[in-house]
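Colleague: Okay, sequence plus prediction incoming.
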Amino acid sequence: MFAFKFRLYPSKKQEALLLMSFDLCRFTYNKLLEKLNASKKINRGKIQHSIVKLKKEFPELNNVYSKTLQYECYRLFSNLKSLTQLKRKGHKVGKLRFKGRDWFKTIQYNQSGFKLKQTHNRFGKLHLSKIGSIDIRSHRITQGKIKQVTIKKEVNKWYAIIIADAEYKKQKGSGAIGLDLGVLNFVADSNGNLVESPLFLKQSLDKIKQAHRGLSRKKKGSCRRWKAKQQLAKLYEKVNNQRHDFLHKLTTKIVKENDVIVIEDLNVKKMVEKKFWNVRNFLDCSWATFARMLECKAESAGVKFIRVNPRNTSKTCSNCKTIQTMPLSKRTYVCECGLNLDRDVNAAKNILAQGLSFAEKPIRFS
């Protein structure tokens, strides 16, 4: 499957219809959840069929495409399944909650109810049932058959996420590389290259704090509070866009240059729980997102992607394999064998050596 994300430019009338569809889908979800809670024995087919009765009881639901309403049953049971899995893993979970106003950010058109017309000048039309033909800006021509269209609202912008059955392929290189992740240096590779951590949240932190203070002063329910909330959301959106742009460019570059990629298998959740970490900067690096993007692109390009245990990779000499104490304040690895190297580059060399020792074994994509 291949996903395309395009910007939508609905008219005021179309935007009103979209907002109405979002609210009616939220209403349907809450009604289905109410029926689920009242059921002694869960019957998914019966709960989904109750949408027919809801449409007779509430005629305004007929203004939403039928499959879009049916998807809310899938969303409900998908959320229920996620809670069940968390409970089996030992997590303390509660019940599914009813969704309040502005909680729904997406609606789905699955298999039908849409038609996309694209032109080579990047502008086209996306026809949605019950909504109309919306202007769309597509930076590329979609490939394959379109299976699903997700309409998403982000702050004051509208997007269409189009899922097609085209194969996702990336080009690959011929090198082998080990990657060590850090806070000062986002990535240090076994070739000696260092990529400094941009820490986008830290860069915008003063503006975000000021926006939070402004929001807290506004009266709840007022128009000024809504405007302050929008301003804060825009700041977070900018940070998110900057971070994803950085990660996409870096992961694409790594995949294009290499045939074997070895990365340390970090348990980010447990590391966050340790008190001595600067949690804000730590999470600002988005290592888990980076690893997930890199693995997805590596798999599509046919690149071997290997995760290794990071234990002692920073303490071990990449030349003679001697282990020594390396506090975080010590940024250069100096060994009796004559090695004098940046500690992160030394760790990346150890990660690559450890990964190559498993290269002949089957690779597990997890």
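Modeller: Arrived safely, thanks for sending.

Colleague: pLDDT of the longest helix seen in the chain, averaged?
Modeller: Ranked by number of residues, the top helix in the chain under DSSP state H is helix 223-257. Mean pLDDT, helix 223-257: 94.

Colleague: Where in the chain is the helix or strand with the lowest mean pLDDT?
Modeller: When each helix and strand of the chain is scored by mean pLDDT, DSSP states H and E, helix 268-273 comes last, with a mean of 74.

Colleague: List the buried residues in that helix.
Modeller: Buried residues in helix 268-273, defined by neighbour count with 16 or more other Cβ atoms under 10 Å: V268. Where you see a C-beta, it was placed from the backbone N, CA and C, and this is true even at glycine.

Colleague: Name the next helix or strand downstream of it, please.
Modeller: Using DSSP states H and E, the helix or strand that follows helix 268-273 in sequence is helix 279-284.

Colleague: Against which helices or strands is that following helix packed?
Modeller: The contact analysis (3 or more Cβ pairs under 8 Å, 6 or more residues apart in numbering; DSSP states H and E) places helix 279-284 against helix 200-203, helix 268-273.

Colleague: What is the subsequent helix or strand relative to that helix?
Modeller: helix 287-301.

Colleague: That next one relative to helix 223-257, how many degrees between them?
Modeller: Helix 287-301 and helix 223-257 meet at an angle of 40 degrees, taking axes from the mean of the first three to the mean of the last three Cα atoms, to 10 degrees as the criterion.

Colleague: What mean pLDDT does helix 287-301 get?
Modeller: For helix 287-301, the mean per-residue pLDDT is 91.

Colleague: Tell me which other helices or strands it touches.
Modeller: By 3+ Cβ pairs under 8 Å, 6+ apart, helix 287-301 packs against helix 223-257, strand 258-264, strand 304-308.

Colleague: okay, the ones you listed, which one's buried deepest?
Modeller: Mean neighbours per residue, mean count of other Cβ atoms under 10 Å, is largest over the helices and strands packed on helix 287-301 for strand 258-264, with a mean of 24.

Colleague: List of residues touching that strand?
Modeller: The contact list for strand 258-264, computed with Cβ atoms under 8 Å, 6 or more residues apart in numbering, reads 172-181, 254-255, 291, 294, 298, 303-310, 313, 347, 351-352, 354-356, 359.

Colleague: again, only this time at 7 Å
Modeller: 172-181, 254, 291, 294, 298, 303-308, 310, 313, 351-352, 355, 359 (Cβ atoms under 7 Å, 6 or more residues apart in numbering).
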